[in-house]
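[1] Got a sequence here, can you model it:
(one chain, ligands or ions: 2)
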Amino acid sequence: MALTWISREEIKNVLTYERLIPEMETALAQFSNGSVVQPVRTIVPVSKVNGFLGVMPAYSQEQGALATKLVTFFPNNKDVPTHNAIIVMFNPDSGVPELLMDGDVITTMRTAAVSAVATKLFCGDDPQVLAILGSGVQARSHFHALTSLFSFKKINVWSKTLSNAQKLADEINGTAYDSAEMAVRDADVIVTVTSSSVPVLKKDWVKPGAHINAVGACRPDWQEIDPALMTSAVVFVDSRTAACQESGDVILSGAEVYAELGEVINNVKDKPKGETTLFKSLGR
Ligand SMILES: NC(=O)C1=CN([C@@H]2O[C@H](COP(=O)(O)OP(=O)(O)OC[C@H]3O[C@@H](n4cnc5c(N)ncnc54)[C@H](O)[C@@H]3O)[C@@H](O)[C@H]2O)C=CC1
Ligand SMILES: O=C(O)C1=NCCCC1
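    Residues are numbered from 1 along each chain as shown. Ligands and ions are numbered 1, 2, ... in the order given. Here you go, the predicted structure:
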């Protein structure tokens, strides 16, 4: 059996947000209309580092794709990234494994591309101010994905450590804040991309009608969002089943999930008008 390896450099050379964002819109639509088989991932806790191994299989007959992503999240990593992933592709007719590829670049870009789809659905064409809470890998990918669609007049950055916020702000021509409240108060789009397991974004700080992409806190006992914000915003998810099993922000607040993004894309659910919207991203 000859297994082809596709490296992160090869993936970086072909993957662009211009291609990925429309592909993610299609994938979300197919997931929600049932044409993709994608059970909630299996999580193997690695408790000594408060991390996990996630096993994420999927099958699309339409696309002739049978694959599994294996991803680790070790939040205490310092000299290597906190997330590491590989993807295995099997021949969908024979079940023979054919491709092994880097999963880091895809995880990094795919996550931001899905937030970009959500932002485009709920924010109109002209959001002016973007706030990013967090300053790691996803903070950077979200900057790139969102600025591939929108021309923000101002980009605010907050991080737990001010020097990290400043470093990112310098890279992206943004403004660093030492208070999350100050960073988000005039924002039309807010992205929470932290490894925090307690809320970093409060309801009272958010401008009514803003859109939030809540990307961290993917375990049932972790939160990134104030419960009062979860229950007052219109909440969207990538997968309703996953949100009810994995999202502490949904489970612990008791927030109602209004719709999957795919249901809005498929015109099964209406878009809210003028309300604060929150996309709780868990990953696919
Ligand atoms: N929804 C999805 O599909 C995906 C979600 N994620 C999640 O997004 C988040 C960010 O991921 P990366 O940027 O790759 O990680 P990273 O390790 O590169 O960055 C993490 C950021 O969180 C900050 N942070 C850590 N603890 C904090 C705390 N207690 N309070 C506030 N900030 C804190 C760090 O300072 C850093 O800025 C993680 O929670 C990760 O699991 C990552 C990939 C996919
Ligand atoms: O979808 C993914 O990949 C991940 N989601 C949550 C955090 C770990 C990676």
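
[2] quick one: the helices in this structure?
    8-14, 17-32, 104-123, 137-147, 162-172, 180-184, 227-232, 240-246, 248-253, 261-265 (DSSP state H).

[3] Quick check: residues of the protein near ligand 1?
    73, 82-83, 107, 111, 134-139, 159-160, 164, 193-196, 200, 215-216, 218, 281-283 (Cβ under 6 Å from any ligand atom). (Each C-beta comes from the backbone N, C-alpha and C, glycine too.)

[4] from memory Tyr17 sits against Ala116, does it?
    Yes - using Cβ atoms under 8 Å, Tyr17 makes contact with Ala116 at a distance of 6.9 Å.

[5] Distance from the chain centre to stretch 52-65, please.
    With Cα atoms, centre = their mean, to the nearest Å as the basis, stretch 52-65 stands 17 Å off its chain's centre.

[6] Could you list the buried residues of it?
    Using 16 or more other Cβ atoms under 10 Å as the test for burial, stretch 52-65 gives 52-54, 56-60.

[7] that older thread, any residues in contact with both of Tyr17 and Ala116?
    145, 148-149 (Cβ atoms under 8 Å, 6 or more residues apart in numbering).

[8] For PyMOL, what selects the buried ones among those?
    Burial among these is assessed by 16+ other Cβ under 10 Å; the matching PyMOL selection reads:
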select buried, resi 145+149
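
[9] Going by distance to ligand 2, which of the shared contacts of Tyr17 and Ala116 wins?
    Ala145 (14.8 Å; Cβ to the nearest ligand atom).

[10] and that closest one, what does it touch?
    Taking Cβ under 8 Å, 6+ apart as the definition, contacts of Ala145 comprise 17, 20-21, 109, 112-113, 115-116.

[11] close enough to count as contact, Ala58 and Arg284?
    Yes - taking contacts as Cβ under 8 Å, Ala58 lies within contact range of Arg284: 7.4 Å.

[12] what touches both of those two?
    Gln38.

[13] for the stretch 151-284 of the chain, what spans make up the strands?
    Using DSSP state E, counting those that start in this stretch, the strands of the stretch 151-284 of the chain run over 154-158, 175-177, 189-192, 211-214, 234-237, 257-260, 277-280.

[14] Okay, Ser179 and ligand 1: tell me how far apart.
    13 Å (Cβ to the nearest ligand atom, to the nearest Å).

[15] Any figure for the gap between the closest residue to that residue other than its chain neighbours and Ser232?
    Sequence neighbours aside, Trp158 is the residue nearest to Ser179 in space, at 6.9 Å (criterion: Cβ to Cβ, 6 or more residues apart in numbering). Applying Cβ to Cβ, to the nearest Å, the value for Trp158 to Ser232 is 21 Å.

[16] Alright, calling it a day.
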